[in-house]
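Novice: Following is a predicted model, sequence given first.
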Amino acid sequence: MQSAPSPTLTDEQQAAAHAPIDAALAVLAAAGTGKTTTIVARVRHILDQGVPPDQLLVLTFSRKAAAEFQDRLRRHVPGAAEAATACTFHAFSWLLIRHHWAEAGFGRRPSILAAEQQELALMTEAITWDRLAAVRHDICGWLFLRRSAAWPEIVATAAERHADLYDQCLRQALDAHQHGQQPGSQGRLTADEAAQRPFTQLAVRLQLLLVTWLHDALRRRFASQRGDPGLEGGVLELLAMADKQAPVLLKWLEGQKRRGCMPDGDMYAALCAGGKHAGECGERLKWLYRVGAAYQQELLRQNLVTLTDLPLLAKQLLARGGAALAWAQQRWRHVLCDEFQDTGGTSLDLLVLLMGERRSVTVVGDDDQAIYSFLSAEPQVFPKFLRHFGGQQLCLQTNFRSTAAICAFGGALLHGNRRQAHKCMMPARADACAPVWVRQFHTAQLEAAATASEVLRLWREEAVPYRDMCLLYRCLRLQGTQPHAPLMAALRRLRIPHVLVSQVQLSEDPGVAALCSYLAAALGSDPAFRALLSLPHHGLGPEVCGAIMQQQAAARLAGRAPPGLLVCAERLCSQAGIQQEGHRQQQDTDRVSAAAGQLHTADLRELRRLVLLLRSVRAAAGRQPLPEAVGLVLRDSGLLPWLQQQGMAASPGSESGQEAAAFAEELPAPLRRALHKAQQLMEERQGAQQEAAAASSGASNGFEAPALAGGTSAAAARGLSSSQQQQAGDELLQELLSRLAQDTAADEGCDGLEREQQQQPQQQAGEGQQGEGGNQGAASQSPGAITISTIHAAKGLEWRIVLMPSVCEGVLPLPLFTDQSQAAAAAAGAAGGEDSSEADYGACQRAHVEEERRLFHVAATRARDRLLVSYVQPPPPAAPPDPGDEEAEAAPPAYSAADAACLPQCSSILAGAVRRLRCQQEVLQLEGQLPEHGSAGTWEDSQPPGLLAHDGNSRSPLKARQLQSAPKLSVAEQVRQKLAANPHAGGLGTKGSIAKAPRRPRQKVSGEVLR
């Protein structure tokens, strides 16, 4: 194939690019060493060996990296970008599941569930029904019934054998039920009427109250102990705790998934049969696995997957060895993986299963840039890769990005880390460079003002555009504070345009989250439909939501499969669908009619409008272009007026004759990006269809799509039936939801950043530039806006000048918080005792320190020409005033040395690097003072001390608990202890006061006062 000329490669790049293609290869590439160029060159080499481009699979960590790689291929290897598959690990997993959903166990093509509130709602339901299942198990045991007995049989048996107890529980449940009803509600029952009715004809809430009261009464009567600590006390209290337990359990489940463990029924059964977990902790662990398995089963029933499920489900799918594995191995024979240090054991398992016996796999990354341990990334993944695949390991060390000073400073930050290969960054630039500038400020306000003034000076005097500068922070939110807030205020005062970029998901925007809920609810997602019911602009209260969800609860209590919430809403609006289901559902019909009669007419009208909108959106996705279906939601749902009231959208213009482009311009920026993704998805699918029609051999890229309609005429031209059109529209909506769920603000790349910068008022930049001494030539050009970003969001990007404010202890590095440390130590102690707890905590502590060093290293290596680092550290405490110095004694007292521990100080990572480079003036320039003695976070070399928050001297959480349990002394008691320890300091003066300790004489040496 004809290819464009490749860029010149260094010897080390040449060796990596032309390594044998049938052997495994691991390339450790330091920052700025041209790893993407090397990967593209290796792709050229593989293609030159006669490998078809459609057999190449390139896996990356982010969609931004995948888009950048495809752009490089498009420029240097024409034709390969369209044929090769470049995607993230999550997108690859989604591709496998989407094509082989039946083999994965789904009833239809699944959708991605990305909203946290919807996941919490599902988890709350799982906890609630798990509690009710335990209640049923208890009652069946007490009544000598089989475990599979349905609730109607259980209640009837209890009423027959314990009539007095049943009547008492029924009256209590009826009182509680009627107390929760609205005044004037219809259908109020007396105790005699409720006793004569069968269990299935009672209200759902009354059924739940009755079974919980019955359980508590029977337990008290039989005085039996279940042994499960979670079921001690009243069941109603336990059910009320489900909302509080759901976030904790969901966080635990997400952590298990990220570590490669997805709880299921088999795992729970093995845990119960093992016998190793006894006692309260063992029962709690079994409960966690049981609820987690129920949650996963409910996701499977509703054909939903979460983002953390995707790699695990793909791994399970390939491990089955069925059609999915055969299809994937035949489809891709050569695999290249970028940013491999950001992966973990699950990603490596995917590669192992995909490659089988083949070894034609290349991984590229930098273990010194592994900063995603909270996503279960493992820096040790390179040794694991080499142990399984063998092959060779090569290093790229020539840095083409940064100056020699920045390279030296970045290497000094990694001192003391355990590394896969002791590589270094050798600068390729031989030009003169400015040293790394490290400055100290006494307050955050002084630091913000000086940093903003320096940014303005760089633009005025050196003509550095704002777009070429970046402000990097460890995090934008820290314990309820915003470290960047003072600097943003200083930038506003100087009228410097700026844009804030953070690593947040696009679907977390309120407008985009609501849009995703509409699209997912149109596909039948219960959590999405419940989210729609709670949107304020629909005005549907809890009565409507309760009337809909009662139908699901009634089906569960009757032992039937629960219907979808959208179907329940249709039943509530119209009973035509229920009457066609036959005589078996007559009781449900009566219950729905009673529930509808208690709702307000306006609520029913709004619910009917919502149901019709969702049906119209689903039908439009199959008959019309996808952007029109999305626009239908935005225009007819009332979402835009609500966003306008919340201040998140501009006022809509005239709707008469409004063009699609003008309508899109009025949308908020996140919704515009969502609409743009819909347009981009439709164009990609239409292009794939045209290529498939021309080649008559299927789609040429890895994302094969079925025939999708770009409009009514296109669908008719392909001869699609109405059912095929509907299936095509559903697949389009599912793919759009998956892209919105996986995309983050950082994945928008430079284009998204430029769009945000262009929105800044041009006069804002101009007013800030036209000061005295301003560069008039530079001011005539648009400088763009300076970027304020987190380090994680800036990974993979670069700027001419990088400024890092607030590099203080407790910020960079962050402390290893006490609660996390104690939890890890307790878990380790339960397995191996106190010594194991100490060792486990030490390993966790060291790993945290090493990642904080790597994070600082990533931030420093984003700079090309200049790096400016600053920290806040007040001056040391002043010496006591001389006797008789009335002016000094009248001044406000300075803080003491004891108070200095609570004040901000220089980061220990920064202090260690500065001490190592202080003698190299061409590398580093320090303006300020370092801490006089090493703090708790000095972390020198291989034995870092404790990182406990608020207690730097603690070496373990065990000692931290001892310090926390120590009694606090009053001020008087502290004074008495000090006097007892130092009798000479407690002599009485002539006026009856405590005499001051003798002062040390002050000595003046070279203008400095030494105490």
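Specialist: Received the coordinates, thanks.

Novice: ok, the longest strand seen in the chain: who's next to it in the sheet?
Specialist: Ordering each strand of the chain by length in residues (DSSP state E) puts strand 863-872 first. Strand 863-872 pairs in its sheet with strand 436-441 (parallel), strand 799-804 (parallel), by DSSP bridges.

Novice: Between those strands, which one is closest to V40.
Specialist: strand 799-804 (23.2 Å; CB to CB). For the C-beta atoms, the positions are set from N, CA and C on the backbone; glycine is no exception.

Novice: For the nearest residue to Q245 once chain neighbours are set aside, what is the enclosing helix or strand?
Specialist: In space, Q245 comes closest to I127 once its chain neighbours are excluded; the distance is 5.7 Å by CB to CB, 6 or more residues apart in numbering. In the assignment (DSSP states H and E), I127 maps to helix 116-142.

Novice: tell me what that helix is packed against?
Specialist: The contact analysis (3 or more CB pairs under 8 Å, 6 or more residues apart in numbering; DSSP states H and E) places helix 116-142 against helix 151-161, helix 204-222, helix 235-240, helix 242-258, helix 279-301, helix 526-533.

Novice: SS state for L336?
Specialist: Secondary structure, DSSP: H, G, I helix; E, B strand; the rest coil: L336 is strand.

Novice: That one: neighbour count?
Specialist: For L336, the count of nearby residues is 25 (other CB atoms under 10 Å).

Novice: what pLDDT, on average, does stretch 814-827 get?
Specialist: Average pLDDT, stretch 814-827: 51.

Novice: quick one, what contacts Y871?
Specialist: 438-441, 447, 806-808, 904-907, 910, 928 (CB atoms under 8 Å, 6 or more residues apart in numbering).

Novice: Kindly report the same for Y466.
Specialist: Counting by CB under 8 Å, 6+ apart, Y466 makes contact with V455, W459, I496, P497, H498, A765, P783, G784, A785, I786.

Novice: how much space is there between P813 and V869?
Specialist: Using CB to CB, to the nearest Å, one obtains 14 Å as the distance from P813 to V869.

Novice: count of residues packed around A102?
Specialist: Neighbours of A102 using other CB under 10 Å come to 11.

Novice: Can you tell me the SS state at it?
Specialist: coil.

Novice: Show the model's pLDDT score for it.
Specialist: In this model, A102 carries a pLDDT of 92.

Novice: got it, and L926?
Specialist: Looking at L926, its pLDDT is 92.

Novice: neighbours around the nearest residue to it once chain neighbours are set aside, how many?
Specialist: Spatial nearest neighbour of L926, excluding adjacent residues (CB to CB, 6+ apart): V438 at 4.9 Å. V438: 26 surrounding residues under other CB under 10 Å.

Novice: Can you get me a residue count around the closest residue to A561 other than its chain neighbours?
Specialist: Distances taken as CB to CB, 6+ apart place A555 nearest to A561, at 6.7 Å, with adjacent residues excluded. Number of residues near A555 (other CB under 10 Å) recorded here: 17.

Novice: Which helix or strand contains A555?
Specialist: helix 542-557.

Novice: who does that helix touch, helix- and strand-wise?
Specialist: Short answer (3+ CB pairs under 8 Å, 6+ apart): helix 542-557 packs on helix 204-222, helix 526-533, helix 565-573, helix 586-597, helix 601-623.

Novice: so which of those gets nearest L250?
Specialist: Nearest of the helices and strands packed on helix 542-557 to L250, taken as CB to CB: helix 526-533 at 12.6 Å.

Novice: Confidence-wise, which helix or strand of the chain is lowest on average?
Specialist: Across the helices and strands of the chain, the lowest-confidence element by mean pLDDT, DSSP states H and E is strand 1008-1010, at a mean of 29.

Novice: buried sites along stretch 535-542?
Specialist: L535, H537, H538, L540 (16 or more other CB atoms under 10 Å).

Novice: Tell me the one of the residues you listed nearest E684?
Specialist: Out of the buried residues of stretch 535-542, the member with the shortest distance to E684 (by CB to CB) is L535, at 30.7 Å.

Novice: how about the nearest residue to that closest one, chain neighbours excluded?
Specialist: Of all residues not flanking L535 in the chain, A514 sits nearest, at 6.3 Å (CB to CB, 6+ apart).

Novice: Tell me if that neighbour really is in a helix.
Specialist: Yes: according to three-state DSSP, A514 belongs to a helix.

Novice: all helices of the stretch 301-450 of the chain, in order?
Specialist: Using DSSP state H, counting those that start in this stretch, the helices found in the stretch 301-450 of the chain span residues 309-319, 323-331, 345-355, 381-389, 404-412, 444-462.

Novice: Tell me which of those lies nearest to L733.
Specialist: helix 309-319 (17.8 Å).

Novice: For the closest one, list the C-alpha coordinates in CSV.
Specialist: Below are the C-alpha coordinates for helix 309-319, written out as CSV (Å, rounded to 0.1, in the frame of the first residue of the first chain):
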residue,chain,number,x,y,z
ASP,A,309,-18.8,-4.1,34.4
LEU,A,310,-17.6,-3.9,30.8
PRO,A,311,-14.0,-5.3,31.1
LEU,A,312,-15.2,-8.1,33.5
LEU,A,313,-18.1,-9.1,31.3
ALA,A,314,-15.8,-9.1,28.2
LYS,A,315,-13.3,-11.3,30.1
GLN,A,316,-16.1,-13.7,31.1
LEU,A,317,-17.3,-13.7,27.5
LEU,A,318,-13.9,-14.6,26.1
ALA,A,319,-13.2,-17.1,28.8
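
Novice: Quick check: buried residues in that helix?
Specialist: D309, L310, P311, L312, L313, A314, K315, Q316, L317, L318.

Novice: just the angle between that helix and helix 242-258, please?
Specialist: 50 degrees (axes from the mean of the first three to the mean of the last three CA atoms, to 10 degrees).

Novice: now for helix 309-319, which elements pack on it?
Specialist: Applying 3+ CB pairs under 8 Å, 6+ apart, one finds that helix 309-319 makes contact with helix 89-99, helix 323-331, helix 345-355.

Novice: can you give me the angle it makes with helix 323-331?
Specialist: Using the same axes, to 10 degrees: helix 309-319 against helix 323-331 is 90 degrees.
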